[in-house]
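>>> Have a look at this prediction, sequence included:
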Amino acid sequence: MKKYFIQGLLFCVLSLLAIQNVYAEEPPFIGGEYWEVTGIKISDGASLKYSTWLAGEWRKNSDFAKSQGWLIDAKVISNVHPRMDEPDLYLIRVFENMASVAENEKRRATYMAWAKKSMEKMQSESGNRADFRTIMSTSLLQEMKYRD
């Protein structure tokens, strides 16, 4: 019995030493920018209408967010040969880090003052876009950068 206890204790001690050695090394990657990717399916015949909205309102909002330092970049990527179950477009927003709750509240107030629209008006406009597009998915990805 004493033999098993000593072996178990020795195993635990050696395991802890091994774990410490693993954590003492630096991982090969560090976290980079965040990419929010939204897949959009456009309704038949609505391509021009949605493209016009993206080139106007969506771009204006993205440019404002970039001017505030909230976004690094915003892109529209076309899926040139989408299959039936794939998005036609991907809307990509790139940002450096996740904002805190307090920072998000400040951003919301700044945006609302700039947009000069009520929450009700913005919600209505968003609902109207459902007539010509469907959001298929949204993913939040983080770039993994090689550690130098």
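Nice, I can see it. Numbering: from 1, shown residues only.
>>> all contacts plus neighbour counts: C-alpha atoms, from now on.
Fine.
>>> Poorly predicted segments of this structure, please.
For the chain, the stretches with pLDDT under 70 are 1-24, 127.
>>> how about the strands of it, start to end?
Residue ranges of the strands in the chain, as given by DSSP state E, are 29-42, 73-78, 89-95, 133-146.
>>> Contacts only, for D131.
By CA atoms under 8 Å, 6 or more residues apart in numbering, the contact set of D131 is S43.
>>> and the strands of the chain, which is most packed in?
strand 89-95 (a mean of 20; mean count of other CA atoms under 10 Å).
>>> Show me what it packs onto, helices and strands only.
Packing partners of strand 89-95 (3 or more CA pairs under 8 Å, 6 or more residues apart in numbering; DSSP states H and E): strand 29-42, strand 73-78.
>>> Those into TSV, with extra columns for distance to Y90?
Shown next, in TSV, are these (distance: least, CA to CA, whole Å):
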stretch	distance to Y90
strand 29-42	5
strand 73-78	5
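>>> what's the closest of the ones you listed to E120?
Relative to E120, the nearest member of the helices and strands packed on strand 89-95 by CA to CA is strand 29-42, separated by 23.0 Å.
>>> Assess the claim that W35 and T138 are in contact.
No: contact criterion CA atoms under 8 Å: W35 and T138 do not qualify, at 10.2 Å.
>>> what is in contact with those two at once?
Counting by CA under 8 Å, 6+ apart, nothing touches both W35 and T138.
>>> which residues does the residue most central in space within the chain contact?
Compute the mean C-alpha point of the chain, and by CA atoms, centre = their mean the closest residue is E36, 2.5 Å away. When contacts are counted by CA under 8 Å, 6+ apart, E36 touches L91, I92, R93, V94, T138, S139, L140, L141.
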